[in-house]
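structure for this input, please:
(one chain, ligands or ions: 2)
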Amino acid sequence: MKALEVINVSKSYNGSKVLDNVTLSIDEGEIFGLLGPNGAGKTTLIEIVLGFRRRDSGTIKIFGREISSREFNKKIIGYVPQEHLLYDNLSGLDNLRYFAGLYGVKTSEFKKRLNKIINFLGIDENILKKDVSKLSGGQRRRVALATSLIHDPKIMIMDEPTTGLDPNVRREFWKLIMSLNEEGKTIILTTHYMEEADELCSRIAIIDNGKILSIGTPEELKKKYGGEESLILRIKTRYLDNAMELLSNYQPEKVSEDEIKLSGLNEEYIPKIRNLLENKGIWVDKFEVRKPSLDDVFINLTGRRLISE
Ligand SMILES: Nc1ncnc2c1ncn2[C@@H]1O[C@H](COP(=O)(O)OP(=O)(O)O)[C@@H](O)[C@H]1O
Ligand SMILES: [Mg+2]
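Ligands and ions are numbered 1, 2, ... in the order given. Have a look, this model is predicted:
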């Protein structure tokens, strides 16, 4: 079953295209990532899916049902916006009550759901009593996640769920997102973190300037666009030219003052290369095998590096 289908969706602001014929389809049960730099059109696309913004053209289907361009789809979708929508001067609990009311969750149902969610997210009940403005970034993000789960949506859309969190908290959120997925939620997230997309997502769409450049599993994308593995040798600058000559059979590439890259080679070649150089009195300070990453994929597709932060 397809959870979401976006077909030929376009959108312009003041004559400039921010979404250009975007087509993608997401299966139920996926963690699907929209990966792209700031300004790529990620938020615009998901807010069009949610019905918060109007599309100029194209079709959207949720669980096979066509959605008109004026329809709000928050009942079936839980939305975690990048800037959380919590009321800072209310407690977490009051925020949860408010959002539950908004989605028509019955009072009898609310308590059951709340208990389940705070257990699941590991939220301390005392934290829920505090004003949201008094919470740390990670706690606030958890409460925001709880509010978007209170109506038990089938699809969760998260806009940059870990932007601005420190690396440890970010990893905790990855775990939470994965367990939500295991509980049966289809997850759609946007990110500009390569690592996040790589670790978390079953499939990724790479988006830049409003266009989808490629869609696939992280492995597929790396295989297709990541280039080959390579071996990086760190060698003292004064020996570098000499080493380049000795390695000429391997098409060496000088990548910095003290680094040589041998494309297409992996760790199996290390002993051989080490011998070849040491026999001539050149010591390799460090060997490193570089595997293709989503960074390489992005560079190959766009000619630029995707800068996080
Ligand atoms: N309400 C708006 N009015 C005019 N331009 C907008 C509006 N919202 C977004 N844009 C522009 O659309 C482009 C895509 O923005 P956005 O969807 O927020 O990208 P992302 O979420 O990938 O960073 C940007 O160039 C942004 O400036
Ligand atoms: Mg955005």
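
please, which helix or strand holds Asn89?
Using DSSP states H and E, Asn89 sits in no helix or strand.

backbone dihedrals for it, both of them.
Dihedral angles of Asn89 (phi, psi; degrees, to the nearest 10) stand at phi -100, psi 10.

tally of neighbours for it?
By the measure other CB atoms under 10 Å, the count of residues near Asn89 is 9. Glycine gets a C-beta too; all of them are placed from N, C-alpha and C.

again, but for Glu196
25.

so it sits in a helix?
Yes: counting by DSSP: H, G, I helix; E, B strand; the rest coil, Glu196 falls inside a helix.

what is the rounded mean pLDDT of stretch 105-112?
Here stretch 105-112 scores 91 as its mean pLDDT.

if I pick the residue lying closest to Gly122 once chain neighbours are set aside, what's in contact with it?
Nearest residue to Gly122, sequence neighbours excluded (CB to CB, 6 or more residues apart in numbering): Arg142, at 7.5 Å. Residues in contact with Arg142 (CB atoms under 8 Å, 6 or more residues apart in numbering) are 121-123.

try 10 Å this time
92, 117-118, 121-124, 127-128, 135-136, 169, 172-173, 176 (CB atoms under 10 Å, 6 or more residues apart in numbering).

right, is stretch 294-306 up against ligand 1?
No: against ligand 1, stretch 294-306 shows no contacts by CB under 6 Å from any ligand atom, the least distance being 11.3 Å.

buried stuff in that stretch?
Within stretch 294-306, the residues scored as buried using 16 or more other CB atoms under 10 Å are 294-301, 306.

around ligand 1, pick out the residues from the chain.
13, 18, 36, 38-44.

the residues you listed in helices, which ones?
42-44 (DSSP state H).

dump these to JSON lines, plus distance to ligand 2.
Below are these laid out as JSON lines (distance: CB to the ion, whole Å):
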{"residue": "Lys42", "distance to ligand 2": "5"}
{"residue": "Thr43", "distance to ligand 2": "3"}
{"residue": "Thr44", "distance to ligand 2": "8"}
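
pLDDT and neighbour count added to these, as a markdown table?
Output for these, formatted as a markdown table (pLDDT from 0 to 100; neighbours: other CB atoms under 10 Å):
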| residue | pLDDT | neighbour count |
| --- | --- | --- |
| Lys42 | 97 | 25 |
| Thr43 | 96 | 19 |
| Thr44 | 97 | 20 |
